[in-house]
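Novice: No sequence on hand, only this structure:
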């Protein structure tokens, strides 16, 4: 009887220690546009709640030139419906993207196309 209880206890401990579900973070595609130069680039990454630097995502793309990444707008182009992404530039929150808010004019003036340096920016997404 003691061996049956010991085996059952071991089985319960093993089951309790195993994760109920292993789930990969969904993918997000984020894009930058420079309406002055005509450059556009998108980057896909995991929405795992970690900071992704704009330099690592776009440093070799068409929106990068002369060591700077300059864009007039930012947009989520592919995402799960539960997405939340915070874009920060040099530590200051620029905007939060959601499934309902997918586009942002970086210079804040919809009548102008003034490129903004986002080389020091990060984006952090989670679903």
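Specialist: Looks like it arrived, so ask away. Treat the numbers as computed from the prediction; the structure is a model and nothing was measured.

Novice: What degree of burial does residue 65 show, as a neighbour count?
Specialist: By the criterion of other C-beta atoms under 10 Å, residue 65 has 13 neighbours. The C-beta positions use only the backbone N, C-alpha and C, and glycine is treated the same way.

Novice: same thing with residue 115?
Specialist: Using other C-beta under 10 Å, residue 115 has 22 other residues around it.

Novice: One more: the one 3 residues further on?
Specialist: Look at residue 118: counted by other C-beta under 10 Å, it has 24 neighbours.

Novice: isn't it right up against residue 32?
Specialist: Yes. With contact defined as C-beta atoms under 8 Å, residue 118 and residue 32 form a contacting pair (7.0 Å).

Novice: which neighbours do these two share?
Specialist: The contact sets of residue 118 and residue 32 overlap at 54, 69, 71, 74 (C-beta atoms under 8 Å, 6 or more residues apart in numbering).

Novice: measure the second one to residue 107 for me?
Specialist: Looking back up the chat, that one is residue 69. According to C-beta to C-beta, to the nearest Å, residue 69 stands 14 Å off from residue 107.

Novice: Of the two, which one has the most company?
Specialist: Shown here are residue 69 and residue 107; by other C-beta under 10 Å, residue 69 has more neighbours (25 against 15).

Novice: Give the partner strands of the helix or strand where residue 85 lies in its sheet and their orientations.
Specialist: Element membership for residue 85 (DSSP states H and E) is strand 84-89. Its sheet considered, strand 84-89 pairs with strand 92-98 (antiparallel), strand 121-126 (antiparallel) by DSSP bridges.

Novice: mind putting these in a markdown table, distance to residue 27 and mean neighbour count included?
Specialist: Below are the strands paired with strand 84-89 laid out as a markdown table (distance: least, C-beta to C-beta, whole Å; neighbours: other C-beta atoms under 10 Å):
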| stretch | distance to residue 27 | mean neighbour count |
| --- | --- | --- |
| strand 92-98 | 14 | 14 |
| strand 121-126 | 10 | 21 |
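
Novice: Quick check: which of those strands is nearest to residue 59?
Specialist: Residue 59 lies closest to strand 121-126 among the strands paired with strand 84-89, at 11.7 Å (C-beta to C-beta).
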